[in-house]
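Novice: My questions concern the predicted model and sequence given below.
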Amino acid sequence: MEKIDKLGNMRHTLAHLMASAVGDIYKFDKIKLTLGPAIENGFYYDIDFGAEKITDKDLKKIEDRMLKKLQKWTAWEHKEMSKDEALKFFNNEYKAELINEIAGRGEKITAFTCGGFTDLCRGGHLENPAKEIDPESFKLDRVAGAYWRGDEKNKMLTRIYGIAFETKTELDAFLAQRTEAEKRDHKKLGLEMDLFTFSELVGAGLPLFTPKGTMVRDLLDGFVWELREAVGYERVDIPHITKKELYEKSGHWEKFKNDLFRINTREGHEFAMKPMNCPHHTQIYNRKQWSYKELPQRYANTTKVYRDEQTGELSGLSRVRSITQDDAHVFCRLKDATVEMEKIYNIVQTFYGAFGFTLKPRLSLHDPKNMKAYLGTEEVWLNSEEALRKIINKNGEKAIEAVGEAAFYGPKIDFMAKDAIGREHQVATIQLDMNMPERFDLYCINEKGGQERIVMIHAAIMGSIERFMSILIEHTAGNFPLWISPTQVKIIPVRENHNEYAKKVYELLKEASIRVEFDDADLNLGTKVRNAKNSKIPYWIVVGDKEIEAKKITLESRDKGQLGQMSSEELLKKFLEEIKAKK
RNA sequence: GCCGUCGUAGCUUAGCGGUAAAGCACGUCAUUGGUAAUGACGAGACCAAGGGUUCGAUCCCCUUCGACGGCUCCA
């Protein structure tokens, strides 16, 4: 057995301790233990509770029992068992399955005992738990369902999660970080910020975007478009449904059939809502014969796709059934693919960089030992992969390389984005596709007058606008940079007789397309300022006697506090510069 | 989909087998005004939907819809 760290041993020990405490309370003749490993931030144990019921409210009871028992957990004994002995001792079907597997592998079966509790185990515990475990450094977290061995065909067990660290300080830090993440939860913030909503009548996983939310979507999409237009992309547009024949040809009908929303027409034909755009786009390319001189053809299209995800998988904006993709496809010769992919690489860097994400590229490669699983010759693969590697290296990055992770039709670059509280999200991918052109017989006429098979590059930047918005909301805690804030500035007159002057400032900004709100509600100044602060608006300005006399306004920023007085022209100039810089 | 928790005004929540209450928000009026002022009045909920039990259900039971957490971590 390889060396397991102390923390892992502690967590593993706690899993046993919890199982033992659960046994005391619910009795081992009524429930069945299965397995309970150490995990990332703690441990869990999967238990078949039979007819017994357990909820989060019972956790305290179990935890108290654990604390009491811990004092007597001072030393371990272990012994080897024969298969029959073990099957008899651990008399339940789950343990039996494990025992048979261990025996089948020809390994020794061992049982570990501590504080009078014996469990099937390969070892890896703290030698003296009572002494080594700080009783304040762990807690039981939640009860959840989990399939036996993670397979949904198997029986659903009850999983009890615990969190455990070496010290109380670390436990508290973890809990604090989790609280911070909860505060930033886009599902909560997005509703408060009035960006989107859901309707029970429309259905689960189908977000509806408000005027403000739509504003943000359009601004994000506009930024991507700006970056793309500069390198020669053109917009296309396609219907949201198609005859099934398109997907039979592309291979998606087979692959996606469980995720497709299908439509039967009155004439008995079967259509489907599109779950992706590539097949449609191939048909735009295929409308005519292309000379190599006209390539690459670069088609960009922000459009929705629809996937019938399992209801239990849906979550806020991060997992939805109507997904807006900022999709694009480049149709080019294989020899031009690298240059095209580099352009996309740069767009991705610029886009995510603008929001302060740290990006880590990952290169997914073919598995040389299993060449028959891939389309094309190994030489083509090696060349394309080397080209991708060069793109990444050229940018001073060192890609993580994942052998065997490529799709069968081509290698790809994935990006991981690290957010403000240290979480990583899988974001954009750049994918080389040698399969789709094959299936749809896409070619160009080359210099020799012959038909040359082309390749396709999949190039979504945000991927899903919904998912990107969820990440962005949590990354910024809702404090959007000025340029995508649905409301950029609020004007707060101190008293009604200041409205006239304030209105002039409002008009000036409005004419310059600044998204400005006028707050003439009959509220106290303090209340209005407080409301502005809480609404995550980047700036607000106060106008009263002092300002009118000085012919100025007083500016306050969400991030920098009071910024003092300035003229409205200076204000406008400042805003325009900041918006242009996308800060 | 499956397991668990849950669904009461726009929001946050209270409540109980006899058809609902509060704070915030909202509306009107009055008073006020430089970083969370106050008063009065008012409007707003067939208690997620459908069915059942009951003399009677928001409350008990069933079904459906919807929300949240979990379903990768292998003695």
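Specialist: Arrived safely, thanks for sending.

Novice: which residue packs closest to the residue in the stretch 1-150 of chain A positioned nearest to RNA strand B, ignoring adjacent ones?
Specialist: Nearest residue of the stretch 1-150 of chain A to RNA strand B: residue A:145, at 2.6 Å (Cβ to the nearest atom of the strand). Bear in mind the C-beta positions are built from the backbone N, C-alpha and C, glycine included. Closest residue to residue A:145 apart from its sequence neighbours, by Cβ to Cβ, 6 or more residues apart in numbering: residue A:156 at 5.1 Å.

Novice: Next, count neighbours for that neighbour.
Specialist: With neighbours defined by other Cβ atoms under 10 Å, the count for residue A:156 comes to 12.

Novice: Please report the distance of it from RNA strand B.
Specialist: 4 Å (Cβ to the nearest atom of the strand, to the nearest Å).

Novice: Surely that residue and residue A:146 touch.
Specialist: Yes. Contact criterion Cβ atoms under 8 Å: residue A:156 and residue A:146 qualify, at 7.3 Å.

Novice: for the stretch 301-450 of chain A, what spans make up the strands?
Specialist: In the stretch 301-450 of chain A, the strands defined using DSSP state E, counting those that start in this stretch lie at A:322-332, A:358-365, A:400-403, A:412-418, A:424-433, A:443-445.

Novice: Go through the ones you listed and pick out the most buried.
Specialist: Per-stretch averages of neighbours, counted by mean count of other Cβ atoms under 10 Å, single out strand A:322-332 among the strands of the stretch 301-450 of chain A, with a mean of 24.

Novice: Show me what that strand is packed against.
Specialist: Judged by 3 or more Cβ pairs under 8 Å, 6 or more residues apart in numbering; DSSP states H and E, strand A:322-332 is in contact with helix A:211-229, helix A:278-285, strand A:297-306, helix A:337-354, strand A:455-460, helix A:465-476.

Novice: Now the lengthiest helix in chain A: average pLDDT?
Specialist: Identified as the longest helix of chain A according to DSSP state H is helix A:6-26. Helix A:6-26 shows a mean pLDDT of 91 in the predicted model.

Novice: just checking, what packs against the helix or strand of chain A with the lowest mean pLDDT?
Specialist: Ranking every helix and strand in chain A by mean pLDDT, DSSP states H and E puts helix A:252-256 at the bottom, with a mean of 83. Contacts defined by 3+ Cβ pairs under 8 Å, 6+ apart place helix A:252-256 against helix A:244-250.

Novice: circling back: does RNA strand B have contacts with the longest helix of chain A?
Specialist: No. Using Cβ under 7 Å from any atom of the strand, helix A:6-26 stays clear of RNA strand B, coming no nearer than 7.8 Å.

Novice: Which of the residues in that helix are classified as buried?
Specialist: Neighbour-count burial for helix A:6-26 flags A:8-23, A:26 (criterion: 16 or more other Cβ atoms under 10 Å).

Novice: Next one: the closest residue to residue A:519 other than its chain neighbours from residue A:413, what distance?
Specialist: Spatial nearest neighbour of residue A:519, excluding adjacent residues (Cβ to Cβ, 6+ apart): residue A:492 at 4.9 Å. Residue A:492 sits 48 Å away from residue A:413, going by Cβ to Cβ, to the nearest Å.

Novice: for residue A:270, same thing?
Specialist: Going from residue A:270 to residue A:413 by Cβ to Cβ gives 36 Å.

Novice: Show me which residues of the stretch 351-500 of chain A are close to RNA strand B?
Specialist: Residues of the stretch 351-500 of chain A that fall close to RNA strand B, judged by Cβ under 7 Å from any atom of the strand: A:494, A:495, A:496.

Novice: Go ahead and list the helix or strand containing residue A:99.
Specialist: Element membership for residue A:99, per DSSP states H and E: helix A:93-104.

Novice: Do that helix and RNA strand B come into contact?
Specialist: Yes. Shown here: helix A:93-104 in contact with RNA strand B (Cβ under 7 Å from any atom of the strand) through A:98, A:102.

Novice: now that helix: how far from the chain's centre is it?
Specialist: Relative to its chain's centre, helix A:93-104 lies at 37 Å (Cα atoms, centre = their mean, to the nearest Å).

Novice: Residue A:372 - how many residues pack around it?
Specialist: For residue A:372, using other Cβ under 10 Å, the count is 4.

Novice: What does the pLDDT read for it?
Specialist: pLDDT at residue A:372 comes out at 82.

Novice: quick one, what contacts the residue nearest to residue A:208 when sequence neighbours are not counted?
Specialist: Take residue A:208 and drop its neighbours on the chain: the residue closest to it by Cβ to Cβ, 6+ apart is residue A:197, 5.2 Å away. Contacts for residue A:197 (Cβ atoms under 8 Å, 6 or more residues apart in numbering) come out as A:191, A:207, A:208, A:210.

Novice: buried set for the one helix or strand the first one maps to?
Specialist: Using DSSP H and E, residue A:191 falls within helix A:186-192. Neighbour-count burial for helix A:186-192 flags A:186, A:189, A:190 (criterion: 16+ other Cβ under 10 Å).

Novice: Just want the residue of the stretch 151-300 of chain A that's nearest RNA strand B.
Specialist: residue A:204 (3.3 Å).

Novice: Next up, the contacts around that residue.
Specialist: Neighbour list for residue A:204: A:198, A:311, A:314, A:321 [criterion: Cβ under 8 Å, 6+ apart].

Novice: Per-residue pLDDT of it, please?
Specialist: So, for residue A:204, pLDDT stands at 91.

Novice: Phi, psi for it please.
Specialist: As for residue A:204, its main-chain torsions (degrees, to the nearest 10) stand at phi -70, psi 140.

Novice: One more: residue A:230?
Specialist: phi -60, psi -20.

Novice: Run through the residues that contact the nearest residue to residue A:164 once chain neighbours are set aside.
Specialist: Of all residues not flanking residue A:164 in the chain, residue A:138 sits nearest, at 3.7 Å (Cβ to Cβ, 6+ apart). By Cβ under 8 Å, 6+ apart, the contact set of residue A:138 is A:14, A:42, A:162, A:163, A:164, A:165, A:171.

Novice: distance of residue A:138 from residue A:172?
Specialist: 12 Å.
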